[in-house]
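# what shape does this take:
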Amino acid sequence: MIDGGKVNDDGFTEKIDKLAEGFSADELYQANSKTAEVFKETVQSLIPERDKVNEKYHIRGAVKTERKKNNAATVGILKKSKKAYVTRFINDGWDSSWNGKRNGHKVQGLHFWEKAAKQAEEPMNTVMKEEVKKIINKKAGGN
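Numbering: from 1, shown residues only. Model (predicted):
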């Protein structure tokens, strides 16, 4: 504001400069990981449960969120669980065969990963918008 020939900034320019810096790596990952958690919870609820099986890892428990170099958060199956290939078969289906011949039938996949992506799309967008707003408000000096 101009007050009798003096420029009174009130911190506005400083806040704009802070916003212009963009998001830090940690802020980007925070927003991405919260969004990925929505997908993770959705996909875990769609994975079929197995009863009365004593195993170290269940597919539901093997779903994890991982940070990538570009601060993206990806959801996948924990490598040490050794369940990724089983997850793919259950999700995509497979052709059964015997003695290397295609004399079996096609076992239909459950396509829970695709269903989760479709179901989680809107909630993920909402969470991402909320997280970005929080970061912007923080940088702009708001709550």
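# only C-alpha atoms from now on, for both contacts and neighbour counts.
Will do.
# buried set for stretch 117-127?
If you call a residue buried by 16 or more other C-alpha atoms under 10 Å, then stretch 117-127 has these buried ones: 117, 120, 124, 127.
# from those residues, pick the one nearest Thr42.
Thr42 lies nearest to Ala120 out of these, by C-alpha to C-alpha, at 6.4 Å.
# so which helix or strand takes in that closest one?
helix 112-139 (DSSP states H and E).
# summarise which helices and strands that helix is packed against.
The contact analysis (3 or more C-alpha pairs under 8 Å, 6 or more residues apart in numbering; DSSP states H and E) places helix 112-139 against helix 12-20, helix 25-46.
# can you list the ones you listed in TSV and add distance to Gly141?
Below are the helices and strands packed on helix 112-139 laid out as TSV (distance: least, C-alpha to C-alpha, whole Å):
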stretch	distance to Gly141
helix 12-20	7
helix 25-46	16
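# can you pull out the low-pLDDT segments for this protein?
Scanning the chain for pLDDT under 70 picks out the ranges 1-12, 20, 98-104, 142-143.
# dump the buried residues of stretch 117-127 into a markdown table; add distance to Ala73 as well.
As requested, the buried residues of stretch 117-127 are exported to a markdown table (distance: C-alpha to C-alpha, whole Å):
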| residue | distance to Ala73 |
| --- | --- |
| Ala117 | 15 |
| Ala120 | 15 |
| Met124 | 12 |
| Val127 | 14 |
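# list the residues that contact the residue minimising distance to the centre of the chain.
Central residue of the chain (C-alpha atoms, centre = their mean): Ala36, 1.6 Å from the mean position. Applying C-alpha atoms under 8 Å, 6 or more residues apart in numbering to Ala36 gives the contacts 65, 73-75, 124.
# I'd say Lys18 and Lys139 touch.
Yes. In this structure, Lys18 is within contact of Lys139 by C-alpha atoms under 8 Å, at 6.3 Å.
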